[in-house]
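>>> please work out how this folds:
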Amino acid sequence: MAIEIERKFLVTSDAWRAQATRAQRMVQGYLIDASLVATQTGTRCSLRVRIGGDKAWLNIKSATLGVARQEYDYPIPVADAERMLRDFCNGVVEKVRHYVPHAGLMFEVDEFFGDNADLVVAEVELQSADQAIAKPEWLGREVSEHLRYYNLNLLQYPYSRWSERERAGE
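Prediction:
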């Protein structure tokens with residue numbers, strides 16, 4: 001069983017840009033309708049297709065809230081992924097992922113586009129849920145437990161539709 005332990009944070013400045021070592025455009029969609037995953041109590045996972053650069057994956061992730069979730073990734077041909085995104089998905093989430101090393105960890109800073117433009121979050125994968133991290137100065141409030149920041153929910157309720165209160169974290 002594959003377990004992903006990941007914490008997610010808001011980004012408070014562009015200071016991370018000078019430290020980024022590479023970037024990759026990503027587009028992803030969900031093969032299970034986002035509204036079903038968000039509202040059905042019986043749904044136990046999300047199923048997405050993602051293209052990152054010249055590679056593509058099917059990804060299955062447990063539909064649980066928190067920093068530790070089951071996750072499985074399976075490589076697939078890019079042409080298959082493009083067709084799945086076009087034929088089976090009710091929209092896509094587009095972003096550029098920037099890889100930013102800090103204090104022995106790799107932060108992934110996601111800069112969203114389209115309906116989620118102006119949203120920038122950072123994720124960091126950890127070895128354990130209680131692993132201490134040295135937070136860079138550009139890392140803001142943790143949002144790991146806030147469903148609205150999950151990519152699946154950004155598809156259904158994009159950042160462009162959030163109120164000022166929601167954007168402020170209320």
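
>>> geometric centre of the protein: which residue is closest?
The residue lying closest to the centre of the chain (Cα atoms, centre = their mean) is Asn151, at 4.8 Å.

>>> how about the nearest residue to that one, chain neighbours excluded?
Among residues not flanking Asn151 along the chain, Val93 sits closest, at 5.1 Å (Cβ to Cβ, 6 or more residues apart in numbering). Where you see a C-beta, it was placed from the backbone N, CA and C, and this is true even at glycine.

>>> and for Pro136?
His102 is the one closest to Pro136 (Cβ to Cβ, 6+ apart), at 4.7 Å.

>>> what separation do you get for that neighbour and Gln24?
18 Å (Cβ to Cβ, to the nearest Å).

>>> more neighbours, those two?
Taking neighbours as other Cβ atoms under 10 Å, His102 and Gln24 compare with His102 leading, 18 against 15.

>>> and that one, its phi and psi?
phi -160, psi 120 (degrees, to the nearest 10).

>>> output stretch 115-129 as CSV, nothing but the C-alphas.
The C-alpha trace of stretch 115-129 is given here as CSV (Å, rounded to 0.1, in the frame of the first residue of the first chain):
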residue,chain,number,x,y,z
ASP,A,115,-10.5,29.5,-13.2
ASN,A,116,-7.9,29.1,-10.4
ALA,A,117,-5.6,31.9,-11.5
ASP,A,118,-3.9,33.8,-8.6
LEU,A,119,-4.0,30.8,-6.3
VAL,A,120,-0.5,29.7,-5.2
VAL,A,121,0.0,26.8,-2.7
ALA,A,122,3.0,24.8,-1.6
GLU,A,123,3.0,21.1,-0.7
VAL,A,124,5.7,19.1,0.9
GLU,A,125,5.8,15.3,1.2
LEU,A,126,7.0,13.9,4.5
GLN,A,127,8.2,10.6,5.9
SER,A,128,5.8,10.8,8.8
ALA,A,129,2.8,12.8,9.8
